[in-house]
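>>> Quick check, what structure comes out for this input:
(one chain, ligands or ions: 1)
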Amino acid sequence: MKISHIEHLGIAVNSIEEALPYFENVLGLKCYNIETVEDQKVKTAFLKCGETKLELLEPTCPESTIAKYLEKRGEGVHHVAFCVEDGVAEALKEVEEKGIRLIDKEPRLGAESLHIGFLHPKSTIGILTELCEH
Ligand code: ZN
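Presented below is the predicted three-dimensional model:
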């Protein structure tokens, strides 16, 4: 597996509307896209920071995994997404062979039409890890 860069950091927020002024007015980053991913029950907002993006995640209903995360741990960094050059399917297979527990056995479609796959934080030093490709 070859990782080219950190594609984005996922940040759990209670409200995108309330969180955006910090990122835009204080940090000076620009939000260029807001998108709801129905099957993950999240609304996402994307900001560019060089090659890396910030992905703000707001739950759209109480059953959302982000809602449960916020309840337990509050707002903050939720996951780290690495861009892999040789495909998510291959990368998932490779890390599973190395004993890593997977959340996604197969790549699925995420926000911004990325192919994504999550690794379980129990086997990734507590960091919810996303592998993705464009
Ligand atoms: Zn993500």
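>>> so what pLDDT did Glu58 get?
On the pLDDT scale, Glu58 is placed at 98.
>>> Using the three-state scheme, assign it.
Secondary structure, DSSP: H, G, I helix; E, B strand; the rest coil: Glu58 is strand.
>>> any idea how far it is from the ion?
Per CB to the ion, to the nearest Å, Glu58 is found 13 Å from the ion. All C-beta atoms are positioned from the backbone trio N, CA, C, and that covers glycine.
>>> can you pull the contacts of that residue?
The contact partners of Glu58, by CB atoms under 8 Å, 6 or more residues apart in numbering, come to Val13, Asn14, Ser15, Ile16, Ala19, Val42, Lys43, Thr44, Ala45, Ile66.
>>> Which residues does the one helix or strand the fifth one maps to contact?
Pointing back at Ala19 there. Assigned by DSSP states H and E, Ala19 belongs to helix 16-21. When contacts are defined by CB under 8 Å, 6+ apart, helix 16-21 is touched by residues Ile11, Val13, Cys31, Ile34, Lys43, Ala45, Leu56, Glu58, Glu75.
>>> how long is stretch 59-73 from one end to the other?
Taking CA to CA, to the nearest Å, stretch 59-73 runs 14 Å from one end to the other.
>>> same deal with stretch 112-123?
Termini of stretch 112-123 sit 27 Å apart (CA to CA).
>>> buried set for that stretch?
For stretch 112-123, a neighbour-count test (16 or more other CB atoms under 10 Å) marks Glu112, Leu114, His115, Ile116, Gly117, Phe118, Leu119 as buried.
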